[in-house]
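S.K.: whatever this is, show me its structure:
(one chain, ligands or ions: 1)
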Amino acid sequence: MTRIFLVGGGHAHLIVMEELAKKRRDDLEVVMATPSPWQYYSGMLPGLISGRYAEDDCRIDIRPLAAKAGVRLILEPVAAIDADRNMVCFADGRDLGYDLMSLDIGSEINAGWLASLSDKLLLPKPIDGFVAQWHQLLDRAKAEAQVRLVVVGGGAAGVELALATKRALDSASVTAEVFLIAGRSSVLSSHGARARRLATHALARSGIMVIQERAAGSANGVHLSNGQTLDADYVIAATGARPASWLELSRLSLDEHGFVLVDAAHRSASHPNVFAVGDVAARTDVTMEKSGVHAVRAGPVLARNLIAASKGESLQPYFPRKRSLYILASGPGTAIASWGALSAEGRWAWRWKDRIDRNFINRLKV
Ligand SMILES: Cc1cc2nc3c(=O)[nH]c(=O)nc-3n(C[C@H](O)[C@H](O)[C@H](O)COP(=O)(O)OP(=O)(O)OC[C@H]3O[C@@H](n4cnc5c(N)ncnc54)[C@H](O)[C@@H]3O)c2cc1C
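M.R.: Predicted coordinates for the structure are as follows:
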């Protein structure tokens, strides 16, 4: 019997469970530890914030999937890992051993320089915490009939969250000033020129002010790199990913940012019985964006590799595509599709995104 420990209920691990549910294996004991029974799909978060989706449209209940896959579920976060001793540790001092371990714990929001905002600051991860904070914000804004909101981060998440929050506040008849601090290179800097233009127009149409500066937290809002201060009732940080700090003590090889170094088969560079997939992983051979697309696509490869590793068989690589398709909600019922240098906006793009996202959720609902 080989014990496989799945740490985190992220996208790739859901797919591992989907594969195990198709064919139960008597030679494997599979355990998963994750803090919440719910796994949210971040691609649908803007739709949830804007009021387009209900919570159950955007999240998967891990419990029935685990039961179907024969996976023992521990609904607690892992506090530490000792990869030299093959041990997973919990906050109450319990240790559990493993033969093979896989990490799919995602990432945290990299927002240290906004920390002085304390309770004005909203972090989109973990998503369930953000959704609860957003509902409180909306209730307070409705009570006061006005709000000033700053979103920091000009990437896809920042653009979509600025648009979604503005739409929700407008629909609730709140007088809302929404600013997007996009950095010196402005919005969607890693996308093509047309996608950047389309996003800039969508933000302007919604009445969102884009500021091309960098920001740091202050007591009342944000300091901008041009020396000005922008007061805000709330600040949402969509400022990229950082790894969980407890990985530093795991004895796993990490990259310079603290993400787990893995080879093309997503096996740890230092510990051959450990795998890591999704945001937490850093490939030694290619640069891969921290995006749900890779966490999902690497899932079937991870499932096969865990089974192969349990039998001592050879592993398969995961080849990330050179370009990934991103579809960003840009307005009520419209979206921008961006693929390399190509992009276009329309209702068809929204319907496409909606179908992809709903299919992913429905496929994993048991
Ligand atoms: C607002 C926003 C919108 C986004 N939109 C998109 C998009 O449209 N398309 C796209 O491709 N990407 C998008 N992303 C990026 C995407 O969210 C991540 O790349 C993706 O979630 C990574 O998947 P994952 O499986 O690595 O981790 P996650 O989906 O974050 O899952 C990690 C899991 O591990 C669990 N966990 C965390 N800590 C522990 C612990 N200590 N012990 C045990 N379990 C733990 C968590 O509870 C969670 O279940 C967006 C990100 C944000 C912030």
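S.K.: residues near the nearest residue to Thr239 once chain neighbours are set aside, how many?
M.R.: In space, and not counting its chain neighbours, Thr239 is closest to Gly153: 4.6 Å by CB to CB, 6 or more residues apart in numbering. C-beta here means a position set from N, CA and C on the backbone, and glycine is covered the same way. Gly153: 25 surrounding residues under other CB atoms under 10 Å.
S.K.: per-residue pLDDT of Gly153, please?
M.R.: Looking at Gly153, its pLDDT reads 95.
S.K.: doesn't Ala238 make contact with it?
M.R.: Yes - counting by CB atoms under 8 Å, Gly153 touches Ala238, with 3.4 Å between them.
S.K.: need the strands for the stretch 201-350 of the chain, in chain order.
M.R.: 209-211, 215-217, 221-224, 229-231, 234-237, 241-242, 260-262, 274-276, 281-283, 325-331, 334-339, 342-346 (DSSP state E, counting those that start in this stretch).
S.K.: out of those strands, nearest to Leu306?
M.R.: Shortest distance between Leu306 and the strands of the stretch 201-350 of the chain, using CB to CB, is found for strand 274-276: 6.8 Å.
S.K.: read off the pLDDT value for the one residue in the stretch 51-200 of the chain that gets nearest to the ligand.
M.R.: Taking CB to the nearest ligand atom, the ligand has its nearest neighbour within the stretch 51-200 of the chain at Gly106, 2.3 Å off. pLDDT recorded at Gly106 is 97.
S.K.: so what's it up against?
M.R.: Residues counted as contacts of Gly106 (CB atoms under 8 Å, 6 or more residues apart in numbering) are 8, 10, 125, 278-280, 295.
S.K.: mind giving me the PyMOL select for the residues you listed, buried ones only?
M.R.: In PyMOL syntax, the buried subset of the contacts of Gly106 is picked out as below (16 or more other CB atoms under 10 Å):
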select buried, resi 8+10+125+278+279+280+295
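S.K.: let me have the contacts of Gly106 in CSV, extended by distance to the ligand and pLDDT.
M.R.: CSV is the format used below for those (distance: CB to the nearest ligand atom, whole Å; pLDDT from 0 to 100):
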residue, distance to the ligand, pLDDT
Gly8, 3, 98
Gly10, 2, 96
Lys125, 6, 94
Gly278, 2, 97
Asp279, 4, 97
Val280, 6, 98
Ala295, 4, 94
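S.K.: what's the closest of the contacts of Gly106 to Asp231?
M.R.: For those, the nearest to Asp231 is Lys125 (25.4 Å; CB to CB).
S.K.: the closest one falls within a strand, correct?
M.R.: No - assigned with DSSP: H, G, I helix; E, B strand; the rest coil, Lys125 falls outside any strand and is coil.
S.K.: ok, it - contacts?
M.R.: So Lys125 contacts 106-109 (CB under 8 Å, 6+ apart).
S.K.: out of these, list just those in strands.
M.R.: 108-109 (DSSP state E).
S.K.: spell out which parts of the chain neighbour the ligand.
M.R.: 7-12, 33-36, 39, 42-43, 45, 77-78, 104-106, 124-126, 157, 161, 238, 244, 278-280, 290-293, 295 (CB under 6 Å from any ligand atom).
S.K.: per-residue pLDDT, the nearest residue to Asp61 once chain neighbours are set aside?
M.R.: Spatial nearest neighbour of Asp61, excluding adjacent residues (CB to CB, 6+ apart): Pro37 at 5.9 Å. Pro37 carries a pLDDT value of 96.
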